[in-house]
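[1] below is the sequence, then the predicted model.
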Amino acid sequence: MMAADSGATVLEKKDDSPKIPEKKKTSFDVIIVGAGPAGYTAGIYCSRAGYDTLILSGILPGGQLVNTTEVENYPGFENGIMGPDLMIEMRKQTQRMGTTIVDDEAVNVDFRNSPFKILSGSEEYEGRAIIIATGANPRKLGLEGEQTFAGKGVSYCATCDGPFFRNQELIVVGGGDSAIEEATFLTKFATKIHLVHRRSELRASKIMQERAFNNDKIEFHWNSEIIDIKGDQKMQEGVIRNIQTKEETSLTVGGLFVAIGHEPNTGLFKNQIDLDDEGYIILKNKTHTNIEGIFAAGDVHDRTYRQAITAAGFGCMAAIDVDKYLTEKS
């Protein structure tokens, strides 16, 4: 018989029995659809309040800020922060609070009864309360150069990026209140604004038109559209064409601001909750939708401010409203 301390190798019997996979958790107190500033903030607050919280981030988590370069106007960052980095930090903080984050996209929902159901590409989830924070996307021109120079001269938010374009000529595309507001705001920094509009008159309100017409820095290009965006590392030139005469004009500019509207990401919720004619979620009270237990936060309902800081604020508000709702239900 071999001694126990002889150094011999003792072979243990191998367990060949099949492993039963751990069942994926699919039921939560709160499900947040969307992972921008509103979604992450809501996740932080819900998890801190003790609720089992899931964020379905979508295929590209981070919202519009993942396509933004430097963010100077979000409090707490003295020297600014890159948009993607801000979203990474928010995600880490949300996870540290205990929020489950699944990088999957919601493809269908059923809000008829509680618990509410959300179907992703691979799983069906149930939640006692839902926060919709899917955001909105700016309408694009559809030009190849628009994507090439996104964040390198092409912008969709004057309030966010205007200060980066001091002492430069700029193009603003659009003719509604948003476009005129952006053009007027940009005159604080730019030497000249070329406002390009497809029509012969503006769609903006009368008071907004008067402000623009009385601003010497704004030059109007009527019945015109932008057809090309050129540059080296950054945008340096915009080519516009008169729709009637077909005449093309090249403008040497430092940037292009597209202000032709936004499209809220709410197609998934059509016929489930109340939406207005443009697809924005209609709020019944604060962050409440018309269905008890379904809440909304951020650009899905906010057509006025559309800032990261206000989206985060709405995320906080929605989480507090969810806490009150679930407490009353328990």
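    Cool, got the structure.

[2] with only the CA atoms kept, save stretch 132-152 in CSV.
    In CSV, the C-alpha atoms belonging to stretch 132-152 read as follows (Å, rounded to 0.1, in the frame of the first residue of the first chain):
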residue,chain,number,x,y,z
ILE,A,132,-38.9,54.8,-21.4
ALA,A,133,-35.7,56.6,-22.1
THR,A,134,-35.0,55.8,-25.8
GLY,A,135,-34.2,59.4,-26.7
ALA,A,136,-34.5,61.1,-30.1
ASN,A,137,-32.3,61.5,-33.1
PRO,A,138,-31.8,64.6,-35.2
ARG,A,139,-33.0,64.3,-38.7
LYS,A,140,-30.1,64.0,-41.1
LEU,A,141,-29.5,65.5,-44.5
GLY,A,142,-28.5,62.2,-46.0
LEU,A,143,-25.2,63.3,-47.4
GLU,A,144,-22.1,61.2,-47.4
GLY,A,145,-20.0,64.0,-46.0
GLU,A,146,-22.5,64.4,-43.2
GLN,A,147,-21.3,61.2,-41.6
THR,A,148,-17.7,61.7,-42.5
PHE,A,149,-17.5,65.1,-40.7
ALA,A,150,-19.9,64.3,-37.8
GLY,A,151,-18.2,65.8,-34.8
LYS,A,152,-15.6,67.4,-37.1
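
[3] can you give me the buried ones in that stretch?
    132-136, 138, 141, 143, 145-146, 149-150 (16 or more other Cβ atoms under 10 Å). Using the backbone N, CA and C atoms, a C-beta is placed for each residue, glycine as well.

[4] give me the phi and psi for the residue nearest to the spatial centre of the chain.
    Centroid-nearest residue in the chain: Gly63, 3.4 Å away (criterion: Cα atoms, centre = their mean). When read as degrees, to the nearest 10, the backbone of Gly63 gives phi 70, psi -160.

[5] ok, it - contacts?
    Counting by Cβ atoms under 8 Å, 6 or more residues apart in numbering, Gly63 makes contact with 34-39, 87, 135, 311.

[6] now the strands for the stretch 201-330 of the chain?
    218-221, 224-231, 235-242, 248-252, 255-258, 262-264, 294-296 (DSSP state E, counting those that start in this stretch).

[7] relative to Phe116, which of those strands is closest?
    strand 294-296 (6.9 Å; Cβ to Cβ).

[8] run the chain-centre distance for that closest one.
    Here strand 294-296 shows a centroid-to-chain-centroid distance of 16 Å under the convention Cα atoms, centre = their mean, to the nearest Å.

[9] repeat for stretch 64-71
    Distance of stretch 64-71 from the chain centroid (Cα atoms, centre = their mean) equals 10 Å.

[10] what of stretch 137-146?
    Distance, centroid of stretch 137-146 to centroid of chain: 16 Å (Cα atoms, centre = their mean).

[11] stretch 210-225 too?
    On Cα atoms, centre = their mean, the centre of stretch 210-225 falls 30 Å from that of its chain.

[12] now the end-to-end length of it.
    End-to-end distance of stretch 210-225 (Cα to Cα, to the nearest Å): 22 Å.

[13] what residues sit buried inside it?
    So stretch 210-225, judged by 16+ other Cβ under 10 Å, has buried residues 211-212, 217-218, 220-222, 224-225.

[14] same question, stretch 235-243
    The neighbour-count check on stretch 235-243 (16+ other Cβ under 10 Å) flags 235, 237-241 as buried.

[15] show me what the helix or strand harbouring Leu170 is packed against.
    Assigned by DSSP states H and E, Leu170 belongs to strand 169-173. If you count contacts as 3 or more Cβ pairs under 8 Å, 6 or more residues apart in numbering; DSSP states H and E, strand 169-173 packs onto helix 177-186, strand 192-196, strand 248-252, strand 255-258.

[16] Glu78 is nearest to which of the ones you listed?
    helix 177-186 (23.9 Å).

[17] could you dump the closest one to PDB, C-alpha only?
    The C-alpha trace of helix 177-186 is given here as PDB (Å, rounded to 0.1, in the frame of the first residue of the first chain):
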ATOM      1  CA  ASP A 177     -38.100  78.000 -35.100                       C
ATOM      2  CA  SER A 178     -35.200  75.600 -34.200                       C
ATOM      3  CA  ALA A 179     -33.100  76.600 -37.200                       C
ATOM      4  CA  ILE A 180     -33.600  80.400 -36.500                       C
ATOM      5  CA  GLU A 181     -33.000  79.900 -32.800                       C
ATOM      6  CA  GLU A 182     -29.700  78.000 -33.600                       C
ATOM      7  CA  ALA A 183     -28.600  80.600 -36.200                       C
ATOM      8  CA  THR A 184     -29.300  83.500 -33.800                       C
ATOM      9  CA  PHE A 185     -27.500  81.800 -31.000                       C
ATOM     10  CA  LEU A 186     -24.500  81.000 -33.100                       C
END
